[in-house]
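# no sequence for this one, just the structure:
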């Protein structure tokens, strides 16, 4: 527990519906990335995310939105969570419906809520700094009608992230790390990304949002009125036995749209809080490698029976008791999980998506 | 069965005591190369060797010399063989003691025997040609006091084989493929090997010998008198219940010496039969690769669930039902057996011996 006083109006929505194909074969449809102890430190990513937010809001104010097929994994992995805190989507509809659903469920319980929305599968290395940033953002969101997103100072021209350009003007009395957003830019080409990094007024979009319940519902009303109406209609059933039936009926007819595209890129009152808390979205094996501990040959090895010879810059992730001998590999990914082995060049890791599709077609969906 | 008439005086000694560390992790001390179906065609190497000799001599005239720890594997793999045909060494003493033991055991039964001595773990692709060669050699050995070794026309300057220089002079009325041996040369340096191949009067030494029992015992008496005496002393117990006890007592005090060094390189009456029967000693993964069927990317793959992308010139040997995805590998060995995975550059396969020693030291002898 940090020194921060936990406000009963603080809520967290943890988005845990992704399938993380790029971490195959460790992540599979039946057990995606967020449910894996991918760092080998004894806690899965969703457990780490949940643990972090225990310093931000009361445990009972943490909601997990996930797919129906992951309900039990959530209940199993998150100690002391109740069934009512695990919101189950019957189908994938991107982030806007997910947030609308959870927001109206909170509205039914506490109209004064201040909310953090965060993915379940990111890495945050500096937890103390993260909590301080969230606290700052929640304070700002409580006193202003702002939709706040967390921005990360870019350390490289990564083309896998969205970028946010901010207006450097100081805003009244608030924390000077909070800036008005000029524009959101989706994954740029490398040349553009280099310009962004050089310019100094671009941040990576971490996909972590902070706002008051009132502010986000106002935004939904204005910019996604149909989505808004669908989930507002549920106010009479949220937190009752009829909630799941309502959701199962509502999702299939709801638009598939992201909160970024549907709301953040359209509203005027959007702000970014420039942050530094050792963030990675763990989008690829390479991004995992970049934050892992390496041996003297720059190999990041998870597995207790791995011997390497003339092998460097590799990421190795194999079962603890599996004897693996690697010779003459440079810059490879070597992963074995559940009897499936993948060896792939690190620089070609974007091909893993295609490989997974191929495996599904040729070998069957039980493998992916 | 071939058209060759099977002579009851024909005997085979199959040497099956090796441990084949270079094929680790498929071969292990507990189950060396000869007991593995390394080509994936349903028969182990020793089974293939045994099958071949069924065309040369009566089944009951085939003797297997192996280590005590492989007795049961021999009995299990070789259909219809009796316990008395499996000669068990209590310790490794190289090929001369092995041949002396088996020869005196045959002497006890049939002094008119003509014998083929062959390793259990070689590949012979042209079986018909092999049988014809053996038949020719056995005929020559029956009528001459010759020790005959099979020579293979070298197709490349391989430094892993022994070479035999022959005298091109025609010998009387015998098959003109039989030549008098000038000199044996152990594994040469590459430059020497190139000269040998270019010269046209060098053959690879296949380590397959044909002689009459009388001739080989005479040679033992002259050149390895101590080894000879040790095993001649067993004539009173071979093929009795006391045979194993005698052997267990004899081996530890016997010299450790090869038939090549102890006999073949010293005797005058040594001949080579120039042969071509698709031979490989399968000394390394590379030699296995060279005889295996390849796909269009020159990958030799054993395993039914292997997917390759941008992968070529690799040898892959994994369990049938194991899903293995390889991307971006060129010229690698990928082997998994019994839960142990090895990835190694083909050009560095000679390092596997050192790796096996290392695995034994660091992980325990149960892995090697």
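Looks like it arrived, so ask away. Bear in mind the structure is a predicted one, so any value in this text is a computation, not a measurement.
# wouldn't residue A:7 be in contact with residue A:135 here?
No. Between residue A:7 and residue A:135 there is no contact under C-beta atoms under 8 Å: 9.4 Å. Backbone N, C-alpha and C define where each C-beta goes, glycine included.
# could you pull out the helices for the stretch 51-200 of chain A?
For the stretch 51-200 of chain A, the helices defined by DSSP state H, counting those that start in this stretch cover A:71-77, A:95-109, A:127-143, A:190-199.
# Tell me which of these is the most buried.
Mean neighbour count (mean count of other C-beta atoms under 10 Å in any protein chain shown) peaks for helix A:95-109 among the helices of the stretch 51-200 of chain A, with a mean of 23.
# where's the nearest residue to residue A:37 once chain neighbours are set aside relative to residue B:367, distance?
The spatially closest residue to residue A:37, leaving aside those adjacent along the chain, is residue A:44, at 5.0 Å (C-beta to C-beta, 6 or more residues apart in numbering or on different chains). As for residue A:44, its distance to residue B:367 is 30 Å (criterion: C-beta to C-beta, to the nearest Å).
# The two: which is more packed in?
Taking neighbours as other C-beta atoms under 10 Å in any protein chain shown, residue A:44 and residue B:367 compare with residue A:44 leading, 22 against 19.
# Retrieve the pLDDT associated with the more buried one.
Per-residue pLDDT puts residue A:44 at 97.
# measure it to chain B for me?
According to C-beta to the nearest C-beta, to the nearest Å, residue A:44 and chain B sit 24 Å apart.
# Show the backbone phi and psi for that residue.
Main-chain dihedrals, residue A:44, degrees, to the nearest 10: phi -80, psi 170.
# I figured it was touching residue A:77, is that so?
Yes. Between residue A:44 and residue A:77 there is a contact under C-beta under 8 Å: 5.8 Å.
# and for those two, which residues touch both?
When contacts are counted by C-beta atoms under 8 Å, 6 or more residues apart in numbering or on different chains, residue A:44 and residue A:77 have residue A:35 as shared neighbours.
# give me the beta-bridge partners of the residue most central in space within chain A?
Centroid-nearest residue in chain A, with C-alpha atoms, centre = their mean: residue A:119, separated by 2.3 Å. Beta-bridge pairing for residue A:119 (DSSP bridges): residue A:15.
# List the contacts of it.
With C-beta under 8 Å, 6+ apart, residue A:119 has these contacts: A:14, A:15, A:16, A:18, A:49, A:207, A:208, A:281.
# tally of neighbours for the fourth one?
By the measure other C-beta under 10 Å, the count of residues near residue A:18 is 17.
# Over to the closest residue to it other than its chain neighbours: give its phi and psi.
Counting by C-beta to C-beta, 6+ apart, residue A:18 lies nearest to residue A:32, which is 5.8 Å off, once chain neighbours are set aside. For residue A:32, the backbone dihedrals (degrees, to the nearest 10) come out as phi -70, psi 170.
# Let me know how buried residue A:32 is, in neighbour terms.
Neighbour number of residue A:32 under other C-beta under 10 Å is 27.
# Same check on the one 10 residues further on?
A count of neighbours around residue A:42, defined by other C-beta under 10 Å, yields 8.
# returning to what we had before: does the residue nearest to residue A:18 touch residue A:22 like I think?
No. Using C-beta under 8 Å as the test, residue A:32 is too far from residue A:22 to be in contact (10.6 Å).
# Can you classify residue A:261 by secondary structure?
helix (DSSP: H, G, I helix; E, B strand; the rest coil).
# wait, what's in contact with it?
Applying C-beta under 8 Å, 6+ apart to residue A:261 gives the contacts residue A:96.
# can you map out the strands along the stretch 201-350 of chain A?
Secondary structure of the stretch 201-350 of chain A (DSSP state E, counting those that start in this stretch): strands at A:202-212, A:270-275, A:279-280, A:300-302, A:306-309, A:315-317, A:323-327, A:332-337, A:340-345.
# And these, which one averages the lowest pLDDT?
Among the strands of the stretch 201-350 of chain A, strand A:279-280 carries the lowest mean pLDDT (a mean of 92).
# Pairing partners for that strand, with directions?
When pairing is defined by DSSP bridges, strand A:279-280 lines up against strand A:123-124 (antiparallel).
# At the contact with chain B, which residues of the stretch 101-250 of chain A appear?
Within the stretch 101-250 of chain A, no position is adjacent to chain B by C-beta under 8 Å from any C-beta of the partner chain.
# Can you get me a residue count around the residue of the stretch 51-200 of chain A found nearest chain B?
Closest to chain B within the stretch 51-200 of chain A is residue A:160: 19.1 Å, counting by C-beta to the nearest C-beta. As a burial measure, residue A:160 scores 15 neighbours (other C-beta under 10 Å).
# That one: what's it in contact with?
By C-beta under 8 Å, 6+ apart, residue A:160 lies in contact with A:187, A:283, A:284, A:287.
# Buried ones among those residues?
Buried by 16 or more other C-beta atoms under 10 Å in any protein chain shown: A:283, A:284, A:287, out of the contacts of residue A:160.
# any idea of the pLDDT on the first one?
To tie it back to what came earlier, the one meant is residue A:283. On pLDDT, residue A:283 comes in at 85.
# Is it in contact with residue A:22, as I believe?
Yes. With contacts counted by C-beta under 8 Å, residue A:283 reaches residue A:22, the gap being 6.6 Å.
# and the closest residue to residue A:307 other than its chain neighbours, bridged to which residues?
Nearest residue to residue A:307, sequence neighbours excluded (C-beta to C-beta, 6+ apart): residue A:325, at 4.9 Å. Note on residue A:325: beta-bridge partners by DSSP bridges are residue A:307, residue B:342.
# Any idea how many residues pack against residue A:325?
Per other C-beta under 10 Å, the neighbour tally for residue A:325 reads 25.
# wait, isn't it in contact with residue B:362?
No. The criterion here is C-beta under 8 Å, and residue A:325 misses it with residue B:362 at 10.4 Å.
# buried sites along stretch A:339-350?
Of the residues in stretch A:339-350, those buried (16+ other C-beta under 10 Å) are A:340, A:341, A:342, A:343, A:344, A:345, A:346, A:348, A:349.
# neighbouring contacts of stretch A:338-350?
A:22, A:24-25, A:28, A:284-286, A:289, A:313-315, A:331-336, A:351-352, A:355, A:367, B:310, B:318, B:322-329, B:334, B:336, B:341, B:343.
# what do you get for stretch A:167-176?
With contacts defined as C-beta under 8 Å, 6+ apart, stretch A:167-176 is touched by A:136, A:140, A:144, A:178, A:179, A:180, A:181, A:182, A:201, A:271, A:273.
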